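A.B. asks: What follows is a predicted protein model with its sequence.
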Amino acid sequence: MNFKKIEDLEKKYYAGVFSRLPVAVDHGKGVYLYDVKGKRYLDFFAGIAVNVLGHCHPKVTKTIAKQAGMLVHTSNWLYTKPQLELAKLLTKITKQDRVFFTNDGTEAVEAAIKLVRSTTGKKEIIAMKNAFHGRTLGSLSLTWDEKFRKPFEPLVPGVKFVEYNNVKKLESAITGNTAAVILEPIQGEAGVIIPDVGYLKKVREMTEREGVLLVLDEVQTGLGRTGKLFAYEHEDVKPDILCLGKALGNGFPIGAALYNGMDFKTVEHGGTFVGNPLACAVSKTVVETVINENLPKKSAKLGLYLLKELKEGLGLRARGRGLMMGIEVKDGKKTVLDLIERSVLTIHTKNTVRILPPLIIEKKHADLFLERIGSLRV
């Protein structure tokens, strides 16, 4: 099927919610994607920080086949081993007490909203300007950009926004009705906005002092992306609630809300597909592989190399931590399209090109990316 036919099919049958890049993917292997004509692309955004192990990783593929041959789904009225084995693993590595599984990161944020309200009895949640936490009505209420929010207002009440990376503004916004503060350790969708060193630690100290819960949205930063298993480890803090998604399943839909010192009451929350055996078996394999192959350390090392070469070698305005980077350019969309012509896939937020490759990339892949972006006038 040619590209024009694919475009026509989408226009006729699919919801018009996505602004697509001009690539129709047929299959993937490792750090590469292949289009319907067989052209190979270096994948440097990995499904928006999802495919940390790349495409069709043999361990993940084996787990999918094995578990699919045993049990794909049963109701949460029943116990399943994969769900509880993954719960045990995640609580161990995060040092949290319990976990509720979801189908993605947005649902993890929804679970966090309900949990902080039911636990504290308070209604107010403070989020950050330029934050992105999802598109369902609850998570959308915590998302800053008007283009996402305006068509669906009124949203969930009780949310206020403060300036990111400003502890004083945050502290002054807290009231006696504040249940929680939610933030991203690095703002991803905003264009890879990295707060000052010490910001997260100060927020943690302040929320503890004020008796307010801290929710960290690590849907994009979690599982080794920033050079640590979780971004909060850079400042040695512990959230009350941790939201995960994206990389947790390497492409298989799963998310999680992990929490400490609290829990839902029976029937306060639920879901038909949450924590299904196939998703949990895949996630356990992904997490174990990330840890066993020491991919956070690899992310930190290659990230430092890439960032140095982008800034010093190519003279670009780049920022990042681990393999989560933003490059300031004159025209973000044009740069992404120019890189596609050079067989490299990236995405952009306005005029920031975002770099989120699989954590399994090697130096040769980093050098190939540097060569391709270095050939552009950005």
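C.D. replies: Everything's here; your move. Residues are numbered from 1 along each chain as shown.
A.B. asks: what about residue 10, which helix or strand?
C.D. replies: Per DSSP states H and E: residue 10 is located in helix 3-13.
A.B. asks: Show which residues not belonging to that helix make contact with it.
C.D. replies: Here helix 3-13 makes contact (C-beta atoms under 8 Å, 6 or more residues apart in numbering) with 20, 22, 24, 35, 36, 37. Glycine gets a C-beta too; all of them are placed from N, C-alpha and C.
A.B. asks: any idea which of those residues is closest to residue 244?
C.D. replies: residue 20 (27.0 Å; C-beta to C-beta).
A.B. asks: How about that closest one: what's its closest non-neighbour residue?
C.D. replies: Excluding its sequence neighbours, the residue lying closest to residue 20 (C-beta to C-beta, 6 or more residues apart in numbering) is residue 10, at 7.5 Å.
A.B. asks: Equivalent analysis for residue 375, please.
C.D. replies: Nearest non-adjacent residue to residue 375 (C-beta to C-beta, 6+ apart): residue 342, at 6.7 Å.
A.B. asks: Which of the helices or strands spans residue 60?
C.D. replies: Per DSSP H and E, residue 60 falls inside helix 58-68.
A.B. asks: That helix - contacts with which helices or strands?
C.D. replies: helix 277-292 (3 or more C-beta pairs under 8 Å, 6 or more residues apart in numbering; DSSP states H and E).
A.B. asks: any idea of the angle the helix it packs on forms with helix 58-68?
C.D. replies: Interaxial angle, helix 277-292 versus helix 58-68 (axes from the mean of the first three to the mean of the last three C-alpha atoms, to 10 degrees): 160 degrees.
A.B. asks: element containing residue 126, please.
C.D. replies: For residue 126, the element it lies in under DSSP H and E is strand 124-128.
A.B. asks: Check which helices and strands whatever helix or strand comes next after that strand sits against.
C.D. replies: Proceeding N to C from strand 124-128, the next assigned helix or strand is helix 137-141, under DSSP H and E. The contact analysis (3+ C-beta pairs under 8 Å, 6+ apart) places helix 137-141 against helix 105-120, helix 146-149.
A.B. asks: Grab the most central residue of this structure for me.
C.D. replies: What sits nearest the mean C-alpha location of the chain, by C-alpha atoms, centre = their mean, is residue 220, with 1.9 Å.
A.B. asks: follow-up on the earlier one: lowest mean pLDDT across the helices and strands packed on helix 137-141, which one is that?
C.D. replies: Mean pLDDT values for the helices and strands packed on helix 137-141 show the minimum at helix 146-149, a mean of 94.
A.B. asks: how's the protein carved up into domains?
C.D. replies: Residue ranges for the domains of the chain, per automatic domain parsing: 3-55+294-374, 71-292.
A.B. asks: winner for burial among the ones you listed?
C.D. replies: domain 71-292 (a mean of 20; mean count of other C-beta atoms under 10 Å).
A.B. asks: hang on, the earlier thing: what does the helix holding residue 60 contact?
C.D. replies: Here helix 58-68 makes contact (C-beta under 8 Å, 6+ apart) with 53, 82, 250, 252, 277, 278, 281, 282, 284, 285, 286, 289.
A.B. asks: next one: stretch 119-128
C.D. replies: Contacts with stretch 119-128, where a contact means C-beta under 8 Å, 6+ apart, come from 113, 116-117, 133, 142-144, 157-164, 170, 173-175, 177-184, 187, 213, 262.
A.B. asks: now stretch 29-42
C.D. replies: 1-3, 6, 23-28, 43, 54-56, 340, 343-345, 357-358, 360-361, 365, 368-369, 372.
A.B. asks: Among the residues you listed, name the ones in strands.
C.D. replies: Those of the contacts of stretch 29-42 mapping onto strands are 25, 26, 27, 28, 43, 344, 345, per DSSP state E.
A.B. asks: And the pLDDT at the residue lying closest to the third one once chain neighbours are set aside?
C.D. replies: What sits nearest to residue 27 in space, not counting adjacent residues and going by C-beta to C-beta, 6+ apart, is residue 34, at 5.3 Å. Here the pLDDT value assigned to residue 34 is 98.
A.B. asks: bridging residues for residue 244?
C.D. replies: residue 256 (DSSP bridges).
A.B. asks: Could you check how far it is from residue 49?
C.D. replies: Computed as C-beta to C-beta, to the nearest Å, the residue 244 to residue 49 distance reads 12 Å.
A.B. asks: Also residue 216?
C.D. replies: Remark: distance between residue 216 and residue 49 (C-beta to C-beta) = 15 Å.
A.B. asks: now residue 95
C.D. replies: Taking C-beta to C-beta as the measure, residue 95 falls 23 Å from residue 49.
A.B. asks: Now do the same contact list for the residue nearest to residue 182 when sequence neighbours are not counted.
C.D. replies: Once flanking residues are discounted, residue 182 sits nearest to residue 215: 4.1 Å by C-beta to C-beta, 6+ apart. Residue 215 is in contact with 109, 112, 116, 180, 181, 182, 183, 239, 240, 241, 242, 243, counting by C-beta under 8 Å, 6+ apart.
A.B. asks: which residues does the closest residue to residue 243 other than its chain neighbours contact?
C.D. replies: In space, and not counting its chain neighbours, residue 243 is closest to residue 108: 4.0 Å by C-beta to C-beta, 6+ apart. By C-beta under 8 Å, 6+ apart, the contact set of residue 108 is 102, 219, 243, 244, 245, 255, 256, 257.
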